Structure formats: C-alpha cells, structure tokens
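**Student:** build me a model from this:
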Amino acid sequence: MQACAYCELLEPILGERPQHFKLYLGGRRFEQGEHGYPTVRFWSWYEQLRQRYRDFRASFDPKHEPEDAPGDHGLWEPFIEQRLQQKRDLILVAGLRQNQRSTLRAAGITTIEQLGFSDEIVRFGNAFVQLQKERYEPTMIQ
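**Tutor:** Presented below is the predicted three-dimensional model:
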C-alpha cells in the first residue's frame, strides 16, 4: 500500500507512474528480484483502499463517534475489544459473522442481551430465523 502511494506521488515528477517498485527489507537485500514488484499488480487494490479512506474522511463527523467494529486494529486491538465487551456487542456471540451482526443491528438488536431475549424474526439471506426468548440458540423456521 505504502509503495503504491509513493508511486502515485512520483507520477507528477516523473511524468508517468513507475512500472515497478522495490521493497528493501534490510540485510542488503531487496524483495522480488532485480526489477521489483510490478506496480500494476497492486494498483487496483491500492485505488480501492484509497477510495475507502477518502469516503471515510468525507463522511467523518467529529460530533459522531465512529462505530467500533472487530478486525485488525494493530496496537488499538485491546482497546477496541474492551469497548465491544463493555457494549456487550453482538460480535461477542461465538460464530456470528459480520453480515449477521449487520442484519441483527438493522433489526434493532445491538447487544447479546437483546439477542437472548428477543422474539424477533430476522431474515438471514434466504432463511428466516426466529429469535426465541430466554434461549441462546436461534431456531430455523420456514
């Protein structure tokens, strides 16, 4: 990602985007041989991530706290995990996928307590799940 950003910064100076880049890993060696990595191989991925970042910045509101989400947060991981536990977030349910979490949140179920004591019928893809009070396992219905 960072190498692609450097290639983008070099484009106005060089008049074109560099076709290759090298990663120096220390120990007097470069990764990926003599020519390095082909820029085009990573460029679409870089553009996608750059656009996601731009969209995030454009929609950022300092008065609205961003929603915590599980994932790889580097050194912030313990902090995010603690916040998810304090909120009793649905992601704490073993085996619950992100898309299932999103579906439940859209139905107004945001905590594991709400999930455990809900009579809601929630659609997951082509299946409907009835959440039954005082049970921890959802029951499939047709």
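**Student:** list the buried residues of the longest helix along the chain.
**Tutor:** Looking across the chain with DSSP state H, the single longest helix is helix 40-59. Judged by neighbour count (16 or more other Cβ atoms under 10 Å), helix 40-59 contains these buried residues: residue 46. Bear in mind the C-beta positions are built from the backbone N, C-alpha and C, glycine included.
**Student:** buried ones in the helix or strand following that helix, by neighbour count?
**Tutor:** Using DSSP states H and E, the helix or strand that follows helix 40-59 in sequence is helix 77-86. Under the neighbour-count criterion of 16+ other Cβ under 10 Å, helix 77-86 has 80, 81, 84 buried.
**Student:** what does helix 77-86 rub up against?
**Tutor:** Residues outside helix 77-86 that contact it (Cβ atoms under 8 Å, 6 or more residues apart in numbering): 68, 69, 70, 71, 73, 91, 92.
**Student:** and the last one, how far is that from residue 80?
**Tutor:** What that stands for is residue 92. 12 Å (Cβ to Cβ, to the nearest Å).
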